[in-house]
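Engineer: Requesting a structural model of the entry that follows:
(2 chains)
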Amino acid sequence: MKLAKYVKFREEKFGGVLFETRSEKVYTLNPTATAVVREIQAGSDEGSIPARLKERFHDTGEAIEREAIAFLAELRQKGLVED
Amino acid sequence: MATPAGDPAAQIPATTPAATESGDLGAPLYIAWQVTNECNLACLHCIEESGPGKAFHDELDHEQASRFLEQVIDLEVPYLSFSGGEPMVHPRFFEMVEYVCSRNGQVKIETNGHYLTPENCARLKALGVKAVQVSLDGATRETFNRMRVRGDFDLCVDGVRNLRAAGVPIEINYSPTRFNAHEIGAAVDLAAQLGAYSFYTGRTMYTGNAVKTWHRMAPEEAQYGPFFETLHRKTEEYRGSMRVYFHEMGLLEELRYRLHHPAALLIVLPNGLVKLINALPFVCGDLRRQSLGEIWGRFQTAWQDPRVARFVDDLAVDPRKTATLHQWVYL
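Structural biologist: A predicted model of the protein is given here:
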């Protein structure tokens, strides 16, 4: 999985922004979503990303994993990532 | 770690990058660079008063332009448009496009379409430009050539066809006048037929060359009704195959909104001055003297300058104040 051809990512103090230059839509990302995009850029396997984030953020519950899974699905649904 | 509830990728309601608020962003999301004021055409409505021999005497030189582009890349500005004037008449046009594209920047070219030879289109494709936006203000050569003084409808349409053949994504821009507004439906159809993926239009602005030609060029207010009705219909007709964007809102409403929600967009003039927005005369920086980062820092506070709000208030009383947009006011 990687960011789609026309998608640009930039880190910001609040998290990050994804800019889809073809549809000209901008998405602001919170820290969890930003961490997901960093993992994608680093080439992490999609299936491993939620667990990696859970570990990185020392989350003892399931909130981070759920959020990461939902965000990954949203990235796919919006065409912001490709295989 | 903060774990905000709800949609982790909260979409800002935006139809264009210019609609995205600058807020806490560390740099602009979009820079619209008017590369030169020189143009091969002398269009009746040109808001920049571009034309043959109209290059500014103090346009950015090679070194200044290079330094500006380096900063665009360093600040990770994701999207840069080259406009003018006619950007393709700039002697270093391809060199500059290549510089940005080769550093992972996304470039859009806004052109009158008269230099889109098969060779140039192939070159743009090879460089990886994100899109080329062509001004095609008419569905017939009669209306197009009347508006685009020195222009050639057939050459422009051939240029768009060359883009398509080369595989370059195409956008079409259309400015309404009293003698082409009725062609809007046919113009949208033509854009779709030529393979465009976006079509942009809106109200023609009273500034630049339009100030001198307004009496013979400006659409009657009554023409805008059917104009926008057609666009609503065409938006539905082409949904899924071509996006039809149009700004029905008048300039005043747009500016009143912007006073409180500045866009993450910088307008860079050919001489390196940076404007708050094209439709205001206010300048918030000069790339010949300040860095892009510094200017971005000034941008937010410049919008709060009382002179900006006063100008917008005055526009409500006298809409023809837009005639003064080229009399720059330094904030």
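
Engineer: Can you get me a residue count around residue B:187?
Structural biologist: Residue B:187: 26 surrounding residues under other C-beta atoms under 10 Å in any protein chain shown. Where C-beta positions appear, they are placed from N, C-alpha and C, glycine not excepted.

Engineer: oh, I was asking about residue B:56
Structural biologist: Using other C-beta under 10 Å, the number of residues around residue B:56 comes to 16.

Engineer: and it, what does it touch?
Structural biologist: B:36-37, B:269-271 (C-beta atoms under 8 Å, 6 or more residues apart in numbering or on different chains).

Engineer: where along the chain do the strands fall?
Structural biologist: Because you didn't say which chain, this covers chain A. Counting by DSSP state E, chain A has these strands, from start to end: A:2-3, A:7-12, A:15-20, A:25-29, A:81-82.

Engineer: Oops, wrong one, chain B.
Structural biologist: Applying DSSP E to chain B gives strands spanning B:30-34, B:79-83, B:106-111, B:131-135, B:170-174, B:198-202, B:243-247, B:265-268, B:273-275, B:282-286, B:329-330.

Engineer: Columns mean pLDDT, distance to chain A and mean neighbour count on top of those strands, output as JSON lines?
Structural biologist: As requested, the strands of chain B are exported to JSON lines (pLDDT from 0 to 100; distance: least, C-beta to the nearest C-beta, whole Å; neighbours: other C-beta atoms under 10 Å in any protein chain shown):
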{"stretch": "strand B:30-34", "mean pLDDT": "96", "distance to chain A": "8", "mean neighbour count": "25"}
{"stretch": "strand B:79-83", "mean pLDDT": "96", "distance to chain A": "5", "mean neighbour count": "24"}
{"stretch": "strand B:106-111", "mean pLDDT": "96", "distance to chain A": "5", "mean neighbour count": "24"}
{"stretch": "strand B:131-135", "mean pLDDT": "97", "distance to chain A": "8", "mean neighbour count": "25"}
{"stretch": "strand B:170-174", "mean pLDDT": "97", "distance to chain A": "10", "mean neighbour count": "23"}
{"stretch": "strand B:198-202", "mean pLDDT": "95", "distance to chain A": "8", "mean neighbour count": "21"}
{"stretch": "strand B:243-247", "mean pLDDT": "92", "distance to chain A": "8", "mean neighbour count": "19"}
{"stretch": "strand B:265-268", "mean pLDDT": "95", "distance to chain A": "11", "mean neighbour count": "25"}
{"stretch": "strand B:273-275", "mean pLDDT": "97", "distance to chain A": "20", "mean neighbour count": "22"}
{"stretch": "strand B:282-286", "mean pLDDT": "97", "distance to chain A": "21", "mean neighbour count": "20"}
{"stretch": "strand B:329-330", "mean pLDDT": "94", "distance to chain A": "29", "mean neighbour count": "14"}
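
Engineer: would you turn those strands into a markdown table with distance to residue A:15?
Structural biologist: A markdown table is the format used below for the strands of chain B (distance: least, C-beta to C-beta, whole Å):
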| stretch | distance to residue A:15 |
| --- | --- |
| strand B:30-34 | 19 |
| strand B:79-83 | 19 |
| strand B:106-111 | 21 |
| strand B:131-135 | 27 |
| strand B:170-174 | 30 |
| strand B:198-202 | 29 |
| strand B:243-247 | 28 |
| strand B:265-268 | 21 |
| strand B:273-275 | 27 |
| strand B:282-286 | 26 |
| strand B:329-330 | 35 |
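
Engineer: quick one, which of those is nearest to residue B:118?
Structural biologist: strand B:131-135 (13.6 Å; C-beta to C-beta).

Engineer: What strands flank that closest one, and is each parallel or antiparallel?
Structural biologist: Strand B:131-135 has the following strand partners under DSSP bridges: strand B:106-111 (parallel), strand B:170-174 (parallel).

Engineer: Export those strands to CSV and append columns for distance to residue A:76.
Structural biologist: What follows is the strands paired with strand B:131-135, written out as CSV (distance: least, C-beta to C-beta, whole Å):
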stretch, distance to residue A:76
strand B:106-111, 22
strand B:170-174, 26
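
Engineer: Return the alpha-carbon coordinates of the lowest-mean-pLDDT helix or strand in chain A using CSV.
Structural biologist: Least confident element among the helices and strands of chain A, by mean pLDDT, DSSP states H and E: strand A:25-29 (a mean of 89). The C-alpha trace of strand A:25-29 is given here as CSV (Å, rounded to 0.1, in the frame of the first residue of the first chain):
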residue,chain,number,x,y,z
LYS,A,25,-9.5,18.1,-1.7
VAL,A,26,-7.6,18.6,1.5
TYR,A,27,-7.9,16.4,4.5
THR,A,28,-6.6,17.4,8.0
LEU,A,29,-5.3,14.6,10.0
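
Engineer: quick revisit: ok, which of the strands of chain B comes nearest residue B:148?
Structural biologist: strand B:131-135 (7.5 Å).

Engineer: Kindly calculate the angle that that closest one makes with strand B:79-83.
Structural biologist: 30 degrees (axes from the mean of the first three to the mean of the last three C-alpha atoms, to 10 degrees).

Engineer: helices and strands around the least confident helix or strand of chain A, which ones?
Structural biologist: strand A:15-20 (3 or more C-beta pairs under 8 Å, 6 or more residues apart in numbering or on different chains; DSSP states H and E).

Engineer: Please go through the chain and pick out the longest helix.
Structural biologist: Unless you meant another one, I'm taking chain A. The longest helix of chain A (DSSP state H) is helix A:63-77.

Engineer: I was after chain B.
Structural biologist: helix B:221-237.

Engineer: Look through chain A and state the residue closest to chain B.
Structural biologist: Distances between chain A and chain B by C-beta to the nearest C-beta are smallest at residue A:8, namely 3.5 Å.

Engineer: what about that residue, how many residues close to it?
Structural biologist: Residue A:8 is flanked by 20 other residues according to other C-beta under 10 Å.

Engineer: go on, residue B:318?
Structural biologist: Using other C-beta under 10 Å, residue B:318 has 9 other residues around it.
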